[in-house]
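In: Sequence below, structure please.
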Amino acid sequence: MSLLNVVEFGLKVGHLLLMLCYWIVSVISMNWFINSGIMDSKTGLLSNSGKMWLRCWEKISGNSCKIQHHYFQYFGSKRVPKEWWRKLLITWVFGWTIVSMWILWYMSSQATEKRKESLASMCDERARMLQDQFNVSMNHIQAMSIMISIFHHGKNPSAIDQRTFAMYTERTAFERPLTSGVAYAVRVLHSEREQFEKQQGWTIKRMDTLQQNPVHEDDYAPEALEPSPIQEEYAPVIFAQDTISHVVSLDMLSGEEDRENVLSARASGKGVLTAPFRLLKTNRLGVILTFAVYKRDLPSNATPNERIQATDGYLGGVFDIESLVEKLLQQLASKQTILVNVYDTTNHPISMYGSNVSDDGLQHVSALNFGDPFRKHEMRCRFKQKPPWPWLAITTSIGILVIALLVGYIFHATVNRIAKVEDDCQKMTELKKQAEAADVAKSQFLATVSHEIRTPMNGVLGMLDMLMDTDLDVTQQDYVRTAQDSGKALVSLINEVLDQAKIESGRLELEAVQFDLRAILDDVLSLFSGKTPGKGVELAVYISDRVPEMLIGDAGRFRQIITNLMGNSIKFTEKGHIFVTVHLVEEVIGSIEVETESSSKSTLSGFPVADRKRSWEGFRTFSQEGSTFTLSSPSSDLINLIVSVEDTGVGIPIEAQSRVFTPFMQVGPSISRTHGGTGIGLSISKCLVGLMKGEIGFVSIPKIGSTFTFTAVFTNGSSHPNEYKSVPINNQSKSTSSEFQGMTALVVDPRPVRAKVSRYHIQRLGIRVEVVPDLNQGFANISSGNTAFNMVLVEQEVWDRESVKKSDSRMPPKLFLLANPIGSSRISDATPSSYTPPVIMKPLRASMLSASLQRAMGVGNKGNHRNGELPGFSLRNLLLGRKILIVDDNLVNLRVAAGALKKYGADVVCADSGKKAILLLKPPHHFDACFMDIQMPEIDGFEATKRIRDMERNFNNLIQHGEVSVEAPQNISNWHVPILAMTADVIQATHEQSLKCGMDGYVSKPFEAQQLYREVSLFFQSASNGNI
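Out: Numbering: from 1, shown residues only. Got it, this is the predicted structure:
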């Protein structure tokens, strides 16, 4: 194997370690990113800081992918031979096995050393305490020898007797903690023995026979002892502590151990210890410490012979080693941890205390110094139990070995898969390209399908609209209307399918425009008002006064949600009402109106309804956690609306309610046959509500009705009046409201909800409104004269002509009836020709109500505008006399577009290609605007627009440099002809691309009056200022 392959393998392993570390860091950081609240749990959207972190994360991930790509580019194409990897793996395992064994040995040895140190510390402590207390006892015994020399031998008669000595030694026993007794033996010569025995009254007894034949404590009798044999001198005990009073009269020189001890003590002048022996009477192991008592005139440097001659007696202290050491160990808390042995090692080791039974071979020896230079003592300590298993060392070494084996396994599995990962990476790159290409192809397919289907439909609907302007009989008009409805239904279906496709691909985006919410709902009512006359279903809209007049958001998508919900209600409601309400969320939270089945009197039509409150029970906005973010405040520009669509239809079966928002799913198989539809309207609405940062829910009771409620967040349009593009809509009520300012109206309606709706629409015209529940009270208010009413609006169900006739003595205000279309026909049939009040048809809308009042009261404009034309700034006023260029490669579309614009008075010029459009719009020209198709052969609408803008830019530069003069009739210093994209493609990307290439607006095929007016009014209003 070459060195290059080894280096290459090292680089692979290093890269693997780097990627492993990167993966661990990425997992930890992403978990932190998700759990620390960067994700906004209240709205489901990222906060600003969260977006910044996400962008940083994407950069780091991108750089990592680049590094990995370069790595595989240089090193990924080669393979490390398997035999080298096996050798390295074996070396890895063997090496870490050795390391783990060394760790086990090292940690075990460290534990043993700590155990030795602990044993040495405890043993030295015990030896030191035993030695210190022994020295204290020895010093006290030496002091007593001096005291006896002074008070016994120095005084005549003696100041000490047995009773005094026993009392003193008993009271001072605490100063000798290790002694079990103290005795004094006087020196008696043989010549003095007889006189001494007479003086003491007892015979000197011998000790050696007692030592050879020890007796039990209970059998001990001093009178039975033999007299001491004849010798040169004696050392009988005359004074003894009570604990050892049995030694009185015993000759210390007659015992072997005591004799050596006494002779050595008087010759050396120091304390001398005996070897361990069995004590008299107790038969326990002990030692005796002996001090010689000298005459007071003995010099300090006396020779041994002088000391022997000056000796008066011998003071001995008895030490019961076993009991004394046991008492010492009891003073220590850890006395049970170790075993203590005390030895006399002067000649050979003699055990003085302890047992050699131990399971532990570890031992520590501490030296003892009891003050006798001729004897040596030591303390040996051992632990009682065997040392425990070094579990920490065992688990640590095994854990390290397991980790090393796991890492080796990971490396082994990873290296074996490097080749596969490289291949998979290449395949993934190819699949990514294919997926991106498929996504582009899908978008192009949607655009193409939309264009190819809507283009012929544009021709069909346009020709039908032109056909309606011709002279047709009733049957022919019915056929044409049916064809128009079918074509519009097909276009609506296409739009829904395209919306669903955009939702699935994540390409659905919202725009931000300024719009009037009340006018939007008026338009929706106008759309559905013609679909309910035969059913007798009442439509109504109520918007709270706290909702701002202008909002900023996507008006088209909001209208789409309302249209979907109301369309479903229209399908499934045969009687009763459909009621749309709009409030601020904080209004609903502050005062929730509970409407249940039993509260039918408080509903719009008197039919019971589902409890509206249950439709928003699961909203986060109403929970304690979610309310803090979504509620609007006076200082905030965000407006959080809650919209409810309530109906009294058939309701939704319980088993089908879980799949209401599932795409292409309907309540039952018979629904699509009975009512039609694709089952994707509610799914699209839910997605749109989510994009508006809202939530949607519903409550439905079979055979009672359903209520759908959703929230949506908009921006207050009053705070940004000129920053956003506005949506022009029918605002006739604003232009006519000044004509009704100061007027007062009386509404007669027994239903509070319906009266509230009537009050809302009448007050929009600037009219003050009072409400009474019946006619009698109404006429009583009129007759009182407290308020001058300009008009009286009576609900059809309370209309009573006799009451009007009886009160006809005074001229009543102008009288109107508020009636549904089906109720209006009943009034007409039942009313004689003598008197019929004017009827205002429901649903109430500001424009319709204003026009009805104008006609009846003779104020303002009395003209009756056709449906589809807008008063004031109508399409005819905007387009009359305008010269407009239409560019489309389809001759049918050219005819349709030209006919639609000519109907409004425009001067239309047609071109069938982008080349002709470029030639016709080369400055200077006389066109006021251009409608240009996008998809055309050779030069499409985008390219043609770019070239036209380039020509205008160059021409404007020439004007600025004075190379071209501004001449009449145009007298234009800045050329910019408005160009509207005219296509059947409704993809958002197409709209964005049209604006990017320089187009001013977007009109989808087929033309609709509202959309055409909305787009045309923007730049034709500016045209009046001379900027076209």
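In: I'd like the mean pLDDT over the longest helix along the chain, please.
Out: Identified as the longest helix of the chain according to DSSP state H is helix 82-148. Averaged across helix 82-148, the pLDDT comes to 88.
In: Doesn't Met352 lie inside a strand?
Out: Yes. Under DSSP: H, G, I helix; E, B strand; the rest coil, Met352 sits within a strand.
In: Double-check it against Arg284; I have them as touching.
Out: No. In this structure, Met352 is not within contact of Arg284 by C-beta atoms under 8 Å, at 11.0 Å. Placement of C-beta: from N, CA and C, glycine included.
In: just checking, next helix/strand downstream of the longest helix of the chain?
Out: Next helix or strand after helix 82-148 toward the C-terminus (DSSP states H and E): helix 162-171.
In: hey, C-alpha coordinates of that following helix in PDB?
Out: Coordinates of the C-alpha atoms in helix 162-171 are reproduced here as PDB (Å, rounded to 0.1, in the frame of the first residue of the first chain):
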ATOM      1  CA  GLN A 162      -2.800   2.700 103.700                       C
ATOM      2  CA  ARG A 163      -6.100   4.500 104.100                       C
ATOM      3  CA  THR A 164      -4.600   7.900 103.000                       C
ATOM      4  CA  PHE A 165      -2.800   6.300 100.100                       C
ATOM      5  CA  ALA A 166      -5.900   4.400  98.900                       C
ATOM      6  CA  MET A 167      -8.100   7.500  99.200                       C
ATOM      7  CA  TYR A 168      -5.600   9.700  97.300                       C
ATOM      8  CA  THR A 169      -4.900   7.300  94.500                       C
ATOM      9  CA  GLU A 170      -8.700   6.700  94.000                       C
ATOM     10  CA  ARG A 171      -9.400  10.400  93.800                       C
END
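In: other SSEs contacting that helix?
Out: Judged by 3 or more C-beta pairs under 8 Å, 6 or more residues apart in numbering; DSSP states H and E, the packing partners of helix 162-171 are strand 181-186, strand 237-240.
In: ok so, going back, report the angle between the longest helix of the chain and helix 162-171.
Out: 150 degrees (axes from the mean of the first three to the mean of the last three C-alpha atoms, to 10 degrees).
In: Centre of the chain to helix 82-148, how far?
Out: Chain-centre distance of helix 82-148: 52 Å, with C-alpha atoms, centre = their mean, to the nearest Å.
In: likewise stretch 415-428?
Out: 36 Å.
In: tell me which residues of that stretch are tucked away?
Out: 415, 418 (16 or more other C-beta atoms under 10 Å).
In: still on that earlier bit, any residues in contact with both of Met352 and Arg284?
Out: Glu322 (C-beta atoms under 8 Å, 6 or more residues apart in numbering).
In: which of the two has more neighbours?
Out: Met352 (23 against 14; other C-beta atoms under 10 Å).
In: mind listing what the more buried one touches?
Out: Counting by C-beta under 8 Å, 6+ apart, Met352 makes contact with 276, 285, 287, 321-322, 325, 342-344, 377.
In: go again using 6 Å as the cut-off
Out: Contacts of Met352 were listed using C-beta atoms under 6 Å, 6 or more residues apart in numbering, and they are 276, 321, 342, 344.
In: Then Leu446?
Out: When contacts are taken as C-beta under 6 Å, 6+ apart, Leu446 is in contact with Ala501.
In: what's the helix or strand for it?
Out: Taking DSSP H and E as the criterion, Leu446 maps to helix 418-468.
In: Provide a list of residue ranges in the stretch 801-950 of the chain with pLDDT below threshold.
Out: 801-813, 822-836, 859-874 (pLDDT under 70).
In: again, but for the stretch 551-700 of the chain
Out: In the stretch 551-700 of the chain, residues with pLDDT under 70: 590-601, 624-636, 664-679.
In: Check Lys1005 and give its pLDDT.
Out: Taking Lys1005 on its own, its pLDDT is 70.
In: so what's the closest residue to Phe942 other than its chain neighbours up against?
Out: Spatial nearest neighbour of Phe942, chain neighbours left out: Cys997 (4.5 Å); criterion: C-beta to C-beta, 6 or more residues apart in numbering. Contact partners of Cys997, counting by C-beta under 6 Å, 6+ apart, are 942, 945-946.
In: gap between the strand or helix carrying His761 and the chain center?
Out: Using DSSP H and E, His761 falls within helix 752-763. The chain centroid and the centroid of helix 752-763 are separated by 46 Å under C-alpha atoms, centre = their mean.
In: other SSEs contacting that helix?
Out: Helix 752-763 sits against strand 537-543, strand 744-748, strand 768-772, with contacts defined as 3 or more C-beta pairs under 6 Å, 6 or more residues apart in numbering; DSSP states H and E.
In: Remind me what the first one packs against, helices and strands.
Out: The contact analysis (3+ C-beta pairs under 6 Å, 6+ apart) places strand 537-543 against helix 517-529, strand 576-584, helix 752-763.
In: Mind listing what's buried along the longest one?
Out: Yep, that's helix 517-529 we're talking about. 517-525, 528-529.
In: Let me have those in TSV, adding distance to Val757 and pLDDT as columns.
Out: Output for the buried residues of helix 517-529, formatted as TSV (distance: C-beta to C-beta, whole Å; pLDDT from 0 to 100):
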residue	distance to Val757	pLDDT
Leu517	16	92
Arg518	13	91
Ala519	17	89
Ile520	17	89
Leu521	12	91
Asp522	13	89
Asp523	17	85
Val524	15	87
Leu525	11	87
Phe528	16	84
Ser529	15	79
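In: Any chance of the residues you listed in JSON lines with distance to Ser850 as columns?
Out: Formatted as JSON lines, these follow (distance: C-beta to C-beta, whole Å):
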{"residue": "Leu517", "distance to Ser850": "18"}
{"residue": "Arg518", "distance to Ser850": "13"}
{"residue": "Ala519", "distance to Ser850": "13"}
{"residue": "Ile520", "distance to Ser850": "17"}
{"residue": "Leu521", "distance to Ser850": "16"}
{"residue": "Asp522", "distance to Ser850": "11"}
{"residue": "Asp523", "distance to Ser850": "15"}
{"residue": "Val524", "distance to Ser850": "18"}
{"residue": "Leu525", "distance to Ser850": "14"}
{"residue": "Phe528", "distance to Ser850": "20"}
{"residue": "Ser529", "distance to Ser850": "16"}
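In: Among those residues, which one lies nearest to Leu584?
Out: Leu517 (11.8 Å; C-beta to C-beta).
In: list the contacts for that closest one?
Out: Neighbouring residues of Leu517 by C-beta under 6 Å, 6+ apart: Leu551.
In: What backbone torsions are found at the residue lying farthest from the centre of the chain?
Out: Residue farthest from the centre of the chain, counting by C-alpha atoms, centre = their mean, is Ser191 at 110.3 Å. Dihedral angles of Ser191 (phi, psi; degrees, to the nearest 10) stand at phi -70, psi -20.
In: Please apply the same query to Lys575.
Out: Per-residue torsions, Lys575: phi -160, psi 160 (degrees, to the nearest 10).
In: what's around it, how many residues?
Out: 12.
In: if I look at the nearest residue to it once chain neighbours are set aside, how far off is Ser605?
Out: Computed as C-beta to C-beta, 6+ apart, the closest residue to Lys575 that is not its neighbour in sequence is Gly536, at 6.0 Å. Counting by C-beta to C-beta, to the nearest Å, the gap from Gly536 to Ser605 is 9 Å.
In: do the same with Leu921
Out: 57 Å.
In: out of those two, which sits in the busier spot?
Out: Leu921 (24 against 21).
In: Which element, helix or strand, includes the closest residue to Thr311 other than its chain neighbours?
Out: Setting aside the residues directly before and after it, Thr311 is nearest to Arg266 in space (C-beta to C-beta, 6+ apart), at 4.5 Å. Assigned by DSSP H and E, Arg266 belongs to helix 256-268.
In: Over to Leu885?
Out: For Leu885, the host element (DSSP H and E) is strand 883-887.
In: for the helix or strand following that strand, packing partners?
Out: Following strand 883-887 in sequence order, the next helix or strand is helix 891-902 (DSSP H and E). Contacts defined by 3+ C-beta pairs under 6 Å, 6+ apart place helix 891-902 against helix 418-468, strand 883-887, strand 907-911.
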